[in-house]
Structure formats: structure tokens, C-alpha cells
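> For reference, the sequence and a predicted model appear below.
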Amino acid sequence: MQAEHILILAICGLGVFHGFSLGAYLLIGQTKTLPNKLLGMLLIIFGLRISKSIFLYFTSDLDMILIMLGLTLILSFGPLFYLYARSLVEKEFELKKQHIWHALPFLLFLVCTSLGIVGREFYRQFGIIFIYLHFLVYIIVSFVWQRKHRQSKPDGSNEFIGKWINYIHLGMAFIWLSYFMFLLDEIVPYIAGPITYSLVIYPLSFWAIMKKVHKPEEKKYQNSRLDNHKSREVLSRLEAHIKEEKRFLDPDLKLPLIAAELNITPHVLSQAVNENFGQNFQQYLNSYRVKAAQQMLEASEKSHLTIASIAFDSGFNSLSAFNTSFKKVLQKTPSQYRKEHSF
């Protein structure tokens, strides 16, 4: 065996072994959350598919039925990846009966191929193109969906999750492209697919482990003695104080100060806001400031004020903080909002 082939086999083989190992860990390890289970299944099925590619590259007489079944496995990539992305971004996501529809193309191809209903010519003329386009559609739909979902609920997801979901979409796109390019008159060698998989899975898995993406988010305040009734009572007092006194207009207002004014501890106040609004105290204050800014931007008598003046008048201590918070809440800049509501 040539040195080049040994190197290719080492890169691809280690990538497959790494994927199998990580997939098994996610499936049977201590952190058996739904996202981890889906990702574990995806990695193991990916490993099976990549293994077929490696065997096909080094073996000229691989049985045609194994080649076709290997192609069929790709029909499970898209649905599993899409469901994984949803389960990762949507905290309340659960698998339901209707999700079985995503598996129908895979099951149909699997049955027809296993029973010999379709064969080599079917895959050459139609099957391969359909399979790869099916995977591409799921990658695109998943990417568009998760971006829209995260933009509509900007405070609901971990910042690392946002980066991770973008990284794995990019990795999937690279793997898809390396395989699909081979279909276009063999522009790239077939083994590029397994090599790309290995080069993608190593940095992604190491980044995920470093950032602890696979670990379930720890519940805040799980040992707290503050029950739901007391939490709502604290929030009611806070709301009254913030609205009546318009304390949110004070740019120097901090959590300890408002807690002292309410005669409670900062920890209790922080917990009440977090549990009832899913926000930290600063985000809670900024939501009131953004509402105040909205009213000023809509008011015709305030049309002479600059964006900066409105930012400071609504309680923000910097223009950049105002622009960031405003866009995070309304998905548009203050200037765009004023233009839409101008008379």
C-alpha cells in the first residue's frame, strides 16, 4: 500500500472511529438528553456511511447492494439533523408521531432497495440526485428555521448554542459539497467526502467539548427557598416600583440598589425576574427603556429629537447599548422603527 493510501486510511479511519465513539457516548452516557440522542444517532449513521465510502475507495468488488444501502443512509441525515437543530434550540421540543413523516423517504428507499424493487439504474438515473438534494434541502431549511427562531426569541438560548448550531450547519454543508461535487464528472476525488468528514468532526467535537455544549443546562436556583408564590409577590412589588417611580429612566440603576429600595436581597430579586421573565435584571430594565423609546420614536412632537437624545432620555447610558437592546427586542434599528412610524 502506498504512503498516500496509508495516510488517507489513517485520517478517514480515525475520523470514523472518533464519530462512532462520540455517538455512542452521547447515546449511552450520563447526559442522555434528546439533542444528545439525536446527535449520537446521526454520528453513528454517518460513521456507517463513511465506512462504506472508505471500503468502496479501497475495494473494487464491493457488493452493489451495500453501495445502494450506503446511499440510502444519506436520506436519514437531513431529518435527524433538522430534528437535532430543533431540539437544541427549542427548549420544550419533543418528538411526536407526526415527525415519522420525515423518515418516509429513507424507509421507502430502504425497503425497495432491500427487496430488489429498485436497482443500479434507478440510483444512477434518479436516486443519487434525489438523495443528495433531499439532504441539501434539509440543511437549508434547518439553517433558515433556527435563525428565525433564535431571532424571535433572542434571550432564550445560550450564546454558545448559537455559535455551535452555525458551525455544524457549515460543517454539514462542506461534507455535502465534497460528496456532491464528485457526481459532477468527478471534479473532486470520491475519497474527499470521508476526508472532509474527518476534518470537520475533529474541530467541531473538540469545540463542543470545550464549551460543554453537550451538557444539559443546569437549573438556576434549584436549591433556593423562594417558592412561586413569593417569587410572584416580589415581582409584583418590583413592577409597581419600576412603573410608578419610572426608575428605569435612571441610567445608573443597578440590581443591588433596587433590591435595597424594595428591602430584599439582590439574589431574591434576580431569581424572581429570571423565573418569571426568563431574563436577567439588566435585560428586564432595558425592556422598559425600549418601550419608552418606542413611544418617543412614534410621537410626532418628538420628531425633532435625535436618536442619541431618545436613547439617553429613555434611560440608556450609551448609544451603542441602546441600539443593541432595541434591535434585540424589535429586530430593527431605532432609525428603521422611526421611519416606519413617521407621519
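All right, it came through fine. Just so we're clear, the structure is a prediction, and the values are computed from it rather than from any experiment.
> need the contact list for the closest residue to Met172 other than its chain neighbours.
Distance criterion Cβ to Cβ, 6 or more residues apart in numbering; nearest residue to Met172, sequence neighbours excluded, is Ile139 at 5.2 Å. All C-beta spots, glycine's among them, are computed from the backbone N, C-alpha and C. The contact partners of Ile139, by Cβ atoms under 8 Å, 6 or more residues apart in numbering, come to 78, 81, 169, 172-173, 176.
> and of these, the nearest to Ser236?
Comparing the contacts of Ile139 against Ser236 with Cβ to Cβ places His169 closest, at 42.6 Å.
> Which residues lie in contact with that closest one in this structure?
85, 139, 142-143, 146.
> again, only this time at 10 Å
By Cβ atoms under 10 Å, 6 or more residues apart in numbering, the contact list for His169 reads 81, 85, 139-140, 142-143, 146-147.
> Now render those residues as TSV, adding distance to Thr59, secondary structure and pLDDT.
As requested, those are arranged in TSV below (distance: Cβ to Cβ, whole Å; DSSP: H, G, I helix; E, B strand; the rest coil; pLDDT from 0 to 100):
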residue	distance to Thr59	secondary structure	pLDDT
Phe81	29	helix	93
Ala85	35	helix	90
Ile139	30	helix	94
Ile140	34	helix	95
Ser142	34	helix	93
Phe143	35	helix	92
Gln146	39	helix	85
Arg147	42	helix	83
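> on that earlier part again, now the buried members of the contacts of Ile139.
Neighbour-count burial within the contacts of Ile139 applies to 78, 81, 169, 172, 176; the criterion is 16 or more other Cβ atoms under 10 Å.
> In those, find the pair that's most separated.
Most distant of these, by Cβ to Cβ, are Gly78 and His169, 12.0 Å apart.
> Now go through the contacts of Ile139 and say which are in strands.
Assigned to strands by DSSP state E, none of the contacts of Ile139 qualify.
> pretty sure Lys32 contacts Met41?
No: counting by Cβ atoms under 10 Å, Lys32 does not reach Met41; the two are 11.9 Å apart.
> of the two, who's got more company?
Neighbours per residue (other Cβ atoms under 10 Å) separate Lys32 from Met41, with Met41 holding more: 17 against 12.
> The more buried one and Tyr84 touch, don't they?
Yes: using Cβ under 10 Å, Met41 is in contact with Tyr84, at 8.7 Å.
> surely Leu257 meets Pro266?
Yes: Leu257 sits in contact with Pro266 when judged by Cβ under 10 Å, with a separation of 9.2 Å.
> Give the residues shared as contacts by Lys32 and Met41.
With Cβ under 10 Å, 6+ apart as the test, Lys32 and Met41 both reach Leu26.
> Do you know the pLDDT at Leu133?
pLDDT, Leu133: 94.
> Offset the numbering so it begins at 44, please.
Got it, the first residue is 44 from now on, which makes the last one we talked about Leu176.
> where's it, which helix or strand?
In this structure, Leu176 sits in helix 171-195 according to DSSP states H and E.
> Could you tell me how far that helix lies from the centre of the chain?
12 Å (Cα atoms, centre = their mean, to the nearest Å).
> now swap in stretch 153-171 and tell me
The mean C-alpha position of stretch 153-171 is separated from the chain mean by 34 Å, Cα atoms, centre = their mean.
> what residues does that stretch touch?
Under Cβ under 10 Å, 6+ apart, the answer for stretch 153-171 is 107-108, 110-112, 114-119, 146, 151-152, 172-174, 222-223, 226.
> Narrow these to just the buried residues.
Looks like the contacts of stretch 153-171 have 110-112, 114-119, 152, 174, 222-223 buried, using 16+ other Cβ under 10 Å.
> Looking at these, spot the one nearest Glu304.
Nearest to Glu304 among the buried ones among the contacts of stretch 153-171: Ser119, at 57.3 Å, using Cβ to Cβ.
> so what's the closest one closest to, chain neighbours aside?
Nearest one to Ser119, counting by Cβ to Cβ, 6+ apart, is Phe149 at 4.7 Å.
> Could you report the neighbour count for Thr239?
Residues near Thr239, counting by other Cβ under 10 Å: 21.
> Show the pLDDT at it.
Note on Thr239: pLDDT of 84.
> Just the C-alphas of the helix or strand hosting it, formatted as CSV.
Using DSSP H and E, Thr239 falls within helix 235-254. The C-alpha coordinates for helix 235-254 follow below in CSV (Å, rounded to 0.1, in the frame of the first residue of the first chain):
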residue,chain,number,x,y,z
ALA,A,235,-12.7,13.7,-0.5
GLY,A,236,-16.1,13.0,1.3
PRO,A,237,-14.6,10.8,4.1
ILE,A,238,-11.6,13.1,4.4
THR,A,239,-13.9,16.2,4.7
TYR,A,240,-16.0,14.4,7.3
SER,A,241,-12.9,13.6,9.4
LEU,A,242,-11.5,17.2,9.1
VAL,A,243,-15.0,18.5,10.1
ILE,A,244,-15.7,16.3,13.1
TYR,A,245,-12.5,16.8,14.9
PRO,A,246,-12.6,20.6,15.4
LEU,A,247,-16.4,20.6,15.9
SER,A,248,-16.3,17.9,18.6
PHE,A,249,-13.4,19.5,20.4
TRP,A,250,-15.1,22.9,20.4
ALA,A,251,-18.3,21.4,21.6
ILE,A,252,-16.5,19.5,24.5
MET,A,253,-14.6,22.7,25.5
LYS,A,254,-17.8,24.8,25.6
